[in-house]
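Student: Have a look; sequence and predicted model below, questions after that.
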Amino acid sequence: MGELRLMKGNEAIAEAAIRSGVDAYYGYPITPQSEILEYLMSEEPYKRTGMVVLQAESEIASVNMVYGAGAGGKKAMTTSSSPGISLMQEGLSYIAGAEIPCLIVNVVRGGPGLGTIQPSQSDYFQTTKGGGHGDYRLIALAPASVQEMSDFVKLGFELAFKYRNPVMLQADGVIGQMMEKVELFDQMPRLTDQEIIAKYPWATTGKPKSRERNIITSLDLEALKQEEFNLHLQRKYKEVTENETRYELVNCEDAEYLLVAYGSSARISLKTVQLAREKGLKVGLVRPITLWPFPSKIISELADKVKGMLCVEMSAGQMIEDVILATLGKTKVLHYGRLGGVIPSPDEVLVALETQIIGGK
Amino acid sequence: MTEEIIIAGFGGQGVLSMGKMLAYSGIMQEQEVSWMPSYGPEMRGGTANVTVILSDQRINSPILNSFDTAIILNQQSMDKFEKTVKPGGILLYDTNGITKHPTRKDINIYVVEAAKESALMKSSKTFNMIVLGAYLKIRPIVEIENVIKGIKKSLPERHHHLIPMNVEGINRGLEIVQIINEVA
Amino acid sequence: MEDVKIEDVIKIEDIIKQENLVFSKTKNLTDKTMSFCPGCGHGVAHRITMEVLEEMGISEDTIGIAPVGCSVLAYEFMNIDMQQAAHGRAPAVATGLKRVYPDKYVFTYQGDGDLAAIGTGETIHACNRGENIVIIFVNNGIYGMTGGQMAPTTLAGMKTSTSPYGRDVETMGAPLKITEVVALLPGTCYVTRQSVHTPGNVRKAKKAIRKAFENQKAKKGLSFIEIVSNCNSGWKMTPVDSNKWMEENMFPFYPLGDIKDEFKLLQK
């Protein structure tokens, strides 16, 4: 069993970064996730593992630093919160286009604009439907506990390098700021330069005479070649969808009604399931763990069995569009959410379920 | 067993660190724990509160609107949280600065004069430990030895010389808690 | 009179004899025909940069960062590992790479729009941190690739497609001497302004680039080399006229020579 600690979600991300052998963290402070950079700076991982930690001049610079290190085959990451992630969209599009593996963490806060520093899930569209320009996808993981904040850093890098694709870890202020028990995984070694050359032949590590030069770019001025490249991306995304779709089902076996929620909304909804069951209502929870690829298949299958689904999100209703697409009118799907940084309580979710889905027409 | 607790008071009273020690004590006892603070501008100055949950099972929502126990350390928090205690639950408070005392008859109410006691002990830093001791007298959900282990874990090493003082505070709290109202 | 064919006088077999070779291209350039306009300085700047790497024996350990602009396709011509960066972000990309490969050589190759307009923040901060990299900055006072729009370095009164009546400094701001700005920052160890329009200037520019990479080898900090160049297409002149215009108009405002040399400063 690994070391047990009581940690904030943000701290767990930072510690997991060190332990998963990350080579570089580049970041810029923004509430509610500044603890990540603070933790790393105070831990001095360059002494522990040789990991680089650098405070950049902006989120634009951070994400491009990640581009540079990732293109060299190194494990590089950055973290931010919504307004900062908006600034990174250009870089993310380039990273996706150049197929650079890396990890981006968004500890979401309420928007639009400067919004609020309170937790929110209103960046779902930005995470899953692009954000930047072009036909690209981020593999998006949604942790719902501090344990998953730690575990998904490791998992995120595994997926990023397996598919040469950027991975977005989309948390929110609740998961970032809360403390829970975490079982930390053991320190993994950083790869040596020789190991990187052997494992990632595409990386810009300096051109020896024995191979052609490596070029990391997202540019091809010939439309037909660019189309061919885009088709390659689409094939990759299909493979990711087939292999990497992740979700959790709670009390779904006999459920007549379902809550669909991810991240901290899923935690709140878990309590609602408990409250509903205490009242004799057969309620279950579907928790998407990957926001992209979205668990459409299981939601479609469940839609054949239940009388209705309530999507619980700290937004005006964004994930619900994917749930509606998955269910294709087979069952009633409605939204319940709070906006602008307000966190719904388990009781109000239960009231919404009872009035909108169970009692509603 | 699941114990859902809100601790609320002024910033600087050690509300968050008391919650952290309690949560760490839970880990020492192989329980699941969560610690969810109110955060934001209110961190600086004003009121501070933290929801702490200890359980034998996976913890669902870290954010709640009713609690098994409310530990209340100022009037604003009394106004806000007295009504959130579940019927039959616990309200523990320090009378210092309280002008409107709790009136509910369906909950167990206790008082700990922690501010006064810490002044007598000439150690304002023991305040939150006295409160914690009082709580553990009413609800012995974690063993004192695990609390001490938890304190060790949650304090950086350079503060470990403060541990005996903290233990003294907890012991004092165990002794001085008073019953105001108990429901059957 | 009998026709004399040129092939009978000058035999190609003689020309390509090894002993008659007076110039050969560095192996660090690919065989791809350069896409730059005839007369443009980019080709020479590419060549001397690549020659320096070959002469120093560091080609295998060097990674270049291409910008957005005319030199966006630098990786087509430079036969080393290359990354292509988003517009203006090359210094950040280079920072990210160099920090994880401190023993490799990293350089950016950027134009004026890339380095001194959209990427000013990244430029200033990489220079200020003293990232141990080389920045090669080609300043031709115009946006060449997009068709001759006004650049941050466009001279006062100069006509471009977005300043068709000449750059009005009252409303469009004055041309930015970014090189003088970065010379003020503590992180730069060597800041110089060169040109590549005459053989003499090419030699000087190459020497400056060599010095910049030597600085990187000695871990001295950031070396910044501006190359004032022409853009005959964008300026709508013949190559010869554009070089003359550059000497008469660009050089008085952007004077050639070293602006900062930490090594010399220390010697004083």
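Tutor: The structure has been received and is ready for your questions.
Student: When you work out contacts or count neighbours from here on, use the C-alpha atoms and nothing else.
Tutor: OK.
Student: Is it correct that residue C:99 is in contact with residue A:52?
Tutor: Yes: using Cα atoms under 8 Å, residue C:99 is in contact with residue A:52, at 7.0 Å.
Student: pretty sure residue A:33 is touching residue A:176, no?
Tutor: Yes: the pair residue A:33 and residue A:176 passes the contact test of Cα under 8 Å, sitting 6.6 Å apart.
Student: can you name the farthest residue from the center of chain B?
Tutor: When distances are taken from the C-alpha mean of chain B, residue B:158 lies farthest, 24.1 Å away, according to Cα atoms, centre = their mean.
Student: Residue numbers of chain C in contact with chain A?
Tutor: Residues of chain C found near chain A, taking Cα under 8 Å from any Cα of the partner chain as the criterion, are C:59-63, C:75, C:79-86, C:89-90, C:92-100, C:104, C:121-122, C:125.
Student: gap between residue C:204 and residue C:251?
Tutor: Look at residue C:204 and residue C:251: by Cα to Cα, to the nearest Å, they are 15 Å apart.
Student: ok, now residue C:87?
Tutor: As judged by Cα to Cα, residue C:87 and residue C:251 stand 27 Å apart.
Student: quick one, which of the two is more surrounded?
Tutor: residue C:87 (20 against 16; other Cα atoms under 10 Å in any protein chain shown).
Student: Name the residues that touch stretch C:165-176?
Tutor: Contacts to stretch C:165-176, defined as Cα atoms under 8 Å, 6 or more residues apart in numbering or on different chains, come from residues C:116, C:150, C:152-160.
Student: ok, now with 7 Å
Tutor: Applying Cα atoms under 7 Å, 6 or more residues apart in numbering or on different chains, the set of residues contacting stretch C:165-176 from outside is C:152-160.
Student: Am I right that the residue farthest from the centre of chain B is in a helix?
Tutor: Yes: counting by DSSP: H, G, I helix; E, B strand; the rest coil, residue B:158 is part of a helix.
Student: what's the spacing between the residue nearest to residue A:95 when sequence neighbours are not counted and chain B?
Tutor: With sequence-adjacent residues excluded and distances taken as Cα to Cα, 6 or more residues apart in numbering or on different chains, residue A:95 is closest to residue A:67, at 6.2 Å. Note on residue A:67: its distance to chain B, by Cα to the nearest Cα, to the nearest Å, is 32 Å.
Student: tell me the contacts of residue A:67?
Tutor: By Cα under 7 Å, 6+ apart, residue A:67 lies in contact with A:95, A:100, C:93.
Student: mind checking which helix or strand it is in?
Tutor: For residue A:67, the host element (DSSP states H and E) is helix A:59-71.
Student: centre of the chain versus that helix, how much separation?
Tutor: In this view, helix A:59-71 has its centroid 18 Å away from the chain centroid, taken as Cα atoms, centre = their mean, to the nearest Å.
Student: What helices and strands are in contact with the worst-scoring helix or strand of chain B on mean pLDDT?
Tutor: Ranking every helix and strand in chain B by mean pLDDT, DSSP states H and E puts helix B:144-154 at the bottom, with a mean of 90. Helix B:144-154 is packed against helix B:15-28, with contacts defined by 3 or more Cα pairs under 7 Å, 6 or more residues apart in numbering or on different chains; DSSP states H and E.
Student: For the next helix or strand after the helix it packs on, which residues meet the burial criterion?
Tutor: For helix B:15-28, the following helix or strand on the C-terminal side (DSSP H and E) is strand B:32-37. For strand B:32-37, burial by neighbour count (16 or more other Cα atoms under 10 Å in any protein chain shown) applies to B:32-37.
Student: pLDDT and distance to chain A added to those residues, as TSV?
Tutor: Below are the buried residues of strand B:32-37 laid out as TSV (pLDDT from 0 to 100; distance: Cα to the nearest Cα, whole Å):
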residue	pLDDT	distance to chain A
B:32	97	7
B:33	97	6
B:34	97	5
B:35	97	5
B:36	95	4
B:37	92	7
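Student: In those, find the pair that's most separated.
Tutor: B:32 and B:37 (17.0 Å; Cα to Cα).
Student: Residue A:174 is in contact with residue A:265, isn't it?
Tutor: No: assessed by Cα atoms under 7 Å, residue A:174 is found out of contact with residue A:265, at 9.5 Å.
Student: Next, the contact list for the closest residue to chain C within chain A, please.
Tutor: In chain A, the residue that lies nearest chain C is residue A:65 (3.8 Å; Cα to the nearest Cα). Residue A:65 makes contacts with A:26, C:92-93, C:95-97, as judged by Cα under 7 Å, 6+ apart.
Student: Could you measure from it over to residue A:201?
Tutor: Distance, residue A:65 to residue A:201, by Cα to Cα: 21 Å.
Student: With residue A:165 instead?
Tutor: Relative to residue A:201, and taking Cα to Cα, residue A:165 is found at 15 Å.
Student: which one of these two has more residues nearby?
Tutor: The residue with more neighbours, out of residue A:165 and residue A:201 and counting by other Cα under 10 Å, is residue A:165; that gives 28 against 12.
Student: can you pull the contacts of that one?
Tutor: When contacts are counted by Cα under 7 Å, 6+ apart, residue A:165 touches A:96, A:99-101, A:138.
Student: measure it to residue A:72 for me?
Tutor: 14 Å.
Student: cool, residue A:296 as well?
Tutor: From residue A:296 across to residue A:72, the span is 35 Å (Cα to Cα).
Student: Between those two, which has more neighbouring residues?
Tutor: Each of residue A:296 and residue A:72 has its neighbours counted (other Cα under 10 Å); residue A:72 has more, 32 against 19.
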